[in-house]
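Trainee: Sharing a sequence plus its predicted fold:
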Amino acid sequence: MHMIINDRFLVNATRGEVTDKLTRKTVRLEPRLMKLLCLLAEHPGQLVKRELIIREIWNDYPGADDGLNQAISGLRKLLEDDQKKIIETIPKSGYCFHGRMGEAPAVRPARRSKTIYLLAGLCIVIAGVFLARYYQATQAAISGQAAREEAKELYKLDSAQQADRLKAAGGK
């Protein structure tokens with residue numbers, strides 16, 4: 001769910017983020033705060049009773065009154081609602097949301113995805129270089145081992161030939 005409040009605050013409920021278009025600052029909200037903001041925004045200009053909020057967001061938790069007060073304070077701070085005009089308190093009843101709601105523009109893919117693809121590509125190239133070097137080193141080791149084995153065989157053959165020559169020279 002995407003919405004925009006007062007043509008300024010872009011709300012991405014799915015990601016739990018609110019972006020201030022003016023400052024370009026993105027804040028990630030805890031799930032209860034996002035649920036509260038969405039619940040209020042779903043009833044613009046209407047009284048949303050405290051009891052409903054506590055039941056829907058806090059599951060009738062006994063200490064929810066204090067949590068609700070803190071949550072409203074946090075949302076007001078986020079929306080720069082010092083005058084309490086966006087989220088109005090209706091004493092002993094609940095809250096009324098007066099923000100102008102709008103459809104959020106189509107969200108462009110984040111540039112981070114481009115960076116992720118570049119990093120993934122770089123990792124693949126590094127892994128390829130590593131594997132190529134490993135293959136070369138393995139082949140060199142195999143070639144070196146084969147050369148040593150061949151040298152041993154030649155040494156044995158040469159030793160046998162020299163023994164034969166010595167026998168032949170000694171027997172004369």
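Mentor: Right, received. Where do you want to start?
Trainee: CA only for contacts and neighbour counts going forward, please
Mentor: Fine.
Trainee: Just give me the longest helix of this structure.
Mentor: helix 111-170 (DSSP state H).
Trainee: That helix - what's its average pLDDT?
Mentor: Confidence over helix 111-170 (mean pLDDT, whole number) is 77.
Trainee: and the residue nearest to H43 when sequence neighbours are not counted, what are its phi and psi?
Mentor: Closest residue to H43 apart from its sequence neighbours, by C-alpha to C-alpha, 6 or more residues apart in numbering: F97 at 7.0 Å. Note on F97: backbone dihedrals following degrees, to the nearest 10 are phi -90, psi 120.
Trainee: what distance separates the longest helix of the chain from the middle of the whole chain?
Mentor: Distance of helix 111-170 from the chain centroid (C-alpha atoms, centre = their mean, to the nearest Å) equals 42 Å.
Trainee: go on, stretch 70-84?
Mentor: Offset of stretch 70-84 from its chain centre (C-alpha atoms, centre = their mean): 28 Å.
Trainee: ends of it, how far apart?
Mentor: 14 Å (C-alpha to C-alpha, to the nearest Å).
Trainee: Could you give the average pLDDT over it?
Mentor: Averaging pLDDT along stretch 70-84 gives 95.
Trainee: And the contacts of it?
Mentor: F9, L33, L36, L37, I86, I87 (C-alpha atoms under 8 Å, 6 or more residues apart in numbering).
Trainee: want to throw these into CSV with distance to E80?
Mentor: Putting the contacts of stretch 70-84 into CSV (distance: C-alpha to C-alpha, whole Å) gives the following:
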residue, distance to E80
F9, 10
L33, 15
L36, 16
L37, 14
I86, 9
I87, 11
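Trainee: nearest to A169, of those?
Mentor: Closest approach between these and A169, by C-alpha to C-alpha: L33, at 103.2 Å.
Trainee: Show me what the strand or helix carrying that closest one is packed up against.
Mentor: Here L33, judged by DSSP states H and E, is contained in helix 31-41. When contacts are defined as 3 or more C-alpha pairs under 8 Å, 6 or more residues apart in numbering; DSSP states H and E, helix 31-41 packs onto helix 50-58, helix 64-78, strand 94-97.
Trainee: So which of these has the densest surroundings on average?
Mentor: Most buried of these by mean neighbour count (mean count of other C-alpha atoms under 10 Å) is strand 94-97; its value is a mean of 20.
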